[in-house]
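In: structure for the following, please:
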Amino acid sequence: MTKNLTLLLFLLSNCILGQEQEKSTKSSYFIITPEIMAGITAEPNTGFPEHEFQKQLFVNFGWEHKYNPQEWAYRLKGPRTGISIGYSDFGNAKNLGTAITVMPSIEFNIFKSKKLKMQVGAGISYFTKKYDSISNPNNQAVTTDLTFTVRAFTHYQISSSEKIDWRLGLGYFHHSNGHTRLPNQGYNTFLASISADIKNPSKLDEATSKFSNHAYSRSIYDYLSIRSGYGRNVLSKSFNDNKDIYTISAEYGKVFNNTLKIGIGFYYRFYKNYYDYIKNDESLVQDGREFDYFKEKPRWYASNLGLSIKGEILLNHIGIDLQFGINLHKPAYKIDWRINQGWSYVPRIIPEQSGIVLGELNSKFKLKQLISPRLGLKYYLIGTTKKPKSNIYIGAYINANLGQADFTELSLGYVYSFKLRKT
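Out: The predicted structure follows:
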């Protein structure tokens, strides 16, 4: 599953970098940005190996869309899209190793300032060191060779010349395997950076000379979308096998100026890990135990239903999708919490009078059971600049319980758009 998501994210990265080249290379220009970063990595678990500052070297290959005539570039005030390749040293070669990252990203102005920019990205990292119960037991941040990586940075331009713009930055990196294997505490690092936008004046002049300041009328249209997805996750350290998650969802909403999509919907998910735990009569669902009633309707209690609100930025073939979900029904998450939020390792068999400490169903549990955010990238078969009535997309997502990864997912969706209205 992780390999499939890696391939899809790599393809989406190429699409983000090159999707506009057919029609807009004449009005977009290429920039190379090397960046040096240093920062502090929060200790993800007790007894985490000692380490020095994290150090990173990244190079971003990007397209500046200030002179791109397409509507999404016009509405977003000429953002920069690109792909970053980076090297990270976590300050302890023996236990934490290093990582190689490939990450598509988008950067845009904030607070109407031409000097202050926000950059966000999501990609894949390969780690040279990971958790091992014998040789590296204290590094519980990474358990798989590949992890998902998220970046959020602000950059401020401190000087500018014809060929180079110098920038200072502050931001955050997160690495996680998306709950595909445990332990998965993840890396969370806060960093400062210095970077240089290396420009080609001749290409900039060429883009400027061919730029036509096209003004778009405001528009709005309604859409209806359905989606099916396939995901994978593990239940706990003692149930550490990846098992299937099946999802279906539908949503209705509006698209503003062919760039911002806002919608509401519902979703259904079925967790094979929860189902097997119930059907196999594991400890916490045995007769007389806390969740024995789950066996009356195992499929129902292994299901998850919820309502969602989502926002999506449309970049022609690419969509950056953020969803906020409210779970109406996710009862088996109680089993999940009991097993994973007690002792650091809860065995598969839990005797009734064993003294094993399980997770308490407290207010923190209630929040995580209730709130289900989701972040992903989509690729639309037909570019949204063409405003097609029907469209198909594929997507890669990370789903979470509040701020904790729940499962990774691939999806296939269909979108029907109603008549465009100008405002």
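In: how about G97, nearest residue that isn't a chain neighbour?
Out: K129 (2.8 Å; Cβ to Cβ, 6 or more residues apart in numbering). For every residue, glycine as well, the C-beta is placed using N, CA and C.
In: pLDDT score for the nearest residue to R75 once chain neighbours are set aside?
Out: Once flanking residues are discounted, R75 sits nearest to T259: 4.2 Å by Cβ to Cβ, 6+ apart. pLDDT, T259: 95.
In: contacts only, for T259.
Out: Shown in contact with T259 (Cβ atoms under 8 Å, 6 or more residues apart in numbering): 71-72, 75-76, 313-314.
In: next one: G39
Out: By Cβ under 8 Å, 6+ apart, the contact list for G39 reads 53-54, 173, 189-192.
In: the closest residue to it other than its chain neighbours bridge partners, please.
Out: Excluding the flanking residues, the one nearest G39 by Cβ to Cβ, 6+ apart is L191, at 3.1 Å. Judged by DSSP bridges, the bridge partners of L191 are G39, G171.
In: confirm the residue nearest to G97 sits in a helix?
Out: No. Assessed with DSSP: H, G, I helix; E, B strand; the rest coil, K129 is coil; it does not lie in a helix.
In: what segments of the stretch 251-400 of the chain are helices?
Out: 272-279, 298-301, 333-340, 363-370 (DSSP state H, counting those that start in this stretch).
In: among those helices, which is nearest G169?
Out: Minimum separation from G169 across the helices of the stretch 251-400 of the chain (Cβ to Cβ) falls at helix 363-370, 31.5 Å.
In: pull up the gap between the residue nearest to G39 and Q54, please.
Out: L191 sits 7 Å away from Q54, going by Cβ to Cβ, to the nearest Å.
In: common neighbours of the two, please.
Out: Both L191 and Q54 are in contact with 37-39, where contact means Cβ under 8 Å, 6+ apart.
In: and the residues you listed as JSON lines, adding distance to Y87 and pLDDT?
Out: Shown next, in JSON lines, are these (distance: Cβ to Cβ, whole Å; pLDDT from 0 to 100):
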{"residue": "M37", "distance to Y87": "10", "pLDDT": "98"}
{"residue": "A38", "distance to Y87": "13", "pLDDT": "97"}
{"residue": "G39", "distance to Y87": "15", "pLDDT": "97"}
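In: between those residues, which sits nearest H155?
Out: Minimum distance to H155 across these is 11.4 Å, recorded for M37 (Cβ to Cβ).
In: so that closest one lies in a strand, does it not?
Out: Yes. Under three-state DSSP, M37 sits within a strand.
In: wait, what's in contact with it?
Out: Counted by Cβ under 8 Å, 6+ apart, M37 has contacts 54-58, 169, 191-193.
In: narrow those residues to just the buried residues.
Out: 54-56, 58, 169, 191, 193 (16 or more other Cβ atoms under 10 Å).
In: now, the most widely separated pair of the contacts of G39?
Out: Spanning the widest gap among the contacts of G39 are F53 and F173, at 13.2 Å by Cβ to Cβ.
In: name the residue in these two with the higher neighbour count.
Out: Per other Cβ atoms under 10 Å, whichever of F53 and F173 has more neighbours is F173, with 26 against 14.
In: the more buried one should be in a strand, yeah?
Out: Yes. Per three-state DSSP, F173 lies within a strand segment.
In: what is the burial count for the nearest residue to it once chain neighbours are set aside?
Out: Spatial nearest neighbour of F173, chain neighbours left out: T189 (4.7 Å); criterion: Cβ to Cβ, 6+ apart. Around T189 there are 20 other residues, counting by other Cβ under 10 Å.
In: hmm, back to that, I'd like to know which of the buried ones among the contacts of M37 are part of strands.
Out: Among the buried ones among the contacts of M37, the residues falling in strands (DSSP state E) are 54-56, 58, 169, 191, 193.
In: mind putting the residues you listed in TSV, pLDDT included?
Out: Shown next, in TSV, are those (pLDDT from 0 to 100):
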residue	pLDDT
Q54	96
K55	97
Q56	97
F58	97
G169	97
L191	97
S193	98
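In: ok, which pair from the contacts of T259 is furthest apart?
Out: With distances taken as Cβ to Cβ, the most widely separated pair in the contacts of T259 is E71 and I313, at 12.4 Å.
In: quick revisit: now, the contacts of T259 that are in strands?
Out: 313-314.
In: reformat the contacts of T259 as CSV; add neighbour count, pLDDT and distance to G403.
Out: Shown next, in CSV, are those (neighbours: other Cβ atoms under 10 Å; pLDDT from 0 to 100; distance: Cβ to Cβ, whole Å):
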residue, neighbour count, pLDDT, distance to G403
E71, 20, 88, 34
W72, 23, 90, 30
R75, 18, 89, 30
L76, 20, 89, 27
I313, 18, 94, 22
L314, 25, 95, 26
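In: please parse the protein into its domains.
Out: 2-209, 219-422 (automatic domain parsing).
In: worst average pLDDT in these?
Out: When those are ranked by mean pLDDT, domain 2-209 comes last with a mean of 86.
In: from the chain's centre, how far out does that domain sit?
Out: Distance, stretch centre to chain centre, for domain 2-209: 13 Å (Cα atoms, centre = their mean, to the nearest Å).
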